[in-house]
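Participant: sequence and computational prediction follow.
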Amino acid sequence: MTDAIEVPRDLLSDSTLVQALHSDRWLVSSQELLPRLHRRVIENRTALEQHADDFDKAYEEAAGGNLDAEGLVRLADAVLKAERAAAEQLQPWMEALRETRAPQSEPAQEARQCLRELHEIAVAWLATYQSLRERLLELASERRNNSGEVLRAQPVTGDIDYAELSREHIARYPKIRAALAK
């Protein structure tokens with residue numbers, strides 16, 4: 001799973017590409033930069049799909065494995081640490097994508113669309129970590145509840161609306177209500 005939670009180098013910035021987009025010579029180099037941007041979008045989208053698949057497989061392994069609730073919580077903590085590391089690596093790239101302003105020419109509009117897509121891919125990359133972590137914590141909660149350990153109720157604080165409670169039970173259990181009516 002450690003391979004799945006690391007950010008691959010090819011997802012990160014192509015510094016020469018970002019510098020070229022920041023330069024005043026955008027129109028001169030647009031014929032060269034647009035294909036590179038399109039290629040980067042396709043490669044990053046493919047990497048994101050693989051990343052999501054790897055995380056789904058990791059979840060399936062955890063769900064089918066022998067991990068108890070505490071083990072799943074520790075695994076979710078490891079995913080959180082990896083998410084923070086990935087965010088640390090991706091933030092400069094995402095900032096560069098947000099700050100890049102191509103001129104108002106037709107090729108530049110296409111470039112801006114690619115930049116938006118690259119930014120969305122980076123955001124989605126980080127979202128997969130959060131999704132996996134939430135799923136692991138939910139599974140841990142289910143396993144904790146199904147573990148057979150005795151759970152103790154906490155006393156209710158505050159005022160209880162007995163009329164509302166009665167209406168709720170009457171609506172929920174119509175057979176009991178019918179038996180009481182006889």
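Facilitator: Cool, the structure landed. Quick caveat: nothing in here was measured; it's all calculated off a predicted structure.
Participant: at the geometric centre of this protein, which residue sits there?
Facilitator: Nearest to the mean C-alpha position of the chain, by CA atoms, centre = their mean, lies residue 127 at 2.0 Å.
Participant: element containing that one?
Facilitator: Residue 127 is part of helix 106-145 when elements are defined by DSSP states H and E.
Participant: let me see the mean pLDDT of that helix.
Facilitator: For helix 106-145, mean pLDDT is 85.
Participant: in that helix, which residues are buried?
Facilitator: Residues 107-108, 111-112, 114-115, 117-119, 121-122, 124-126, 128-129, 131-133, 135-137, 139-140, 143 are the ones in helix 106-145 that count as buried (16 or more other CB atoms under 10 Å). For every residue, glycine as well, the C-beta is placed using N, CA and C.
Participant: ditto for stretch 43-51
Facilitator: 44, 47-48, 51.
Participant: could you pull out the helices in this protein for me?
Facilitator: 2-5, 15-22, 26-64, 69-99, 106-145, 162-172, 174-181 (DSSP state H).
Participant: quick one: the ones you listed as TSV, columns for distance to residue 154 too.
Facilitator: Below are those laid out as TSV (distance: least, CB to CB, whole Å):
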stretch	distance to residue 154
helix 2-5	37
helix 15-22	54
helix 26-64	30
helix 69-99	20
helix 106-145	16
helix 162-172	17
helix 174-181	26
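Participant: which of those sits closest to residue 155?
Facilitator: helix 162-172 (15.6 Å; CB to CB).
Participant: if you average the pLDDT over the closest one, what comes out?
Facilitator: The average pLDDT within helix 162-172 is 81.
Participant: quick one: contacts of that helix?
Facilitator: 176-177 (CB atoms under 8 Å, 6 or more residues apart in numbering).
Participant: report the distance from the helix holding residue 127 to the chain centre.
Facilitator: Its chain's C-alpha centre and that of helix 106-145 lie 4 Å apart, by CA atoms, centre = their mean, to the nearest Å.
Participant: what do you get for stretch 166-179?
Facilitator: Mean-position distance between stretch 166-179 and its chain equals 42 Å (CA atoms, centre = their mean).
Participant: many thanks, have a good one.
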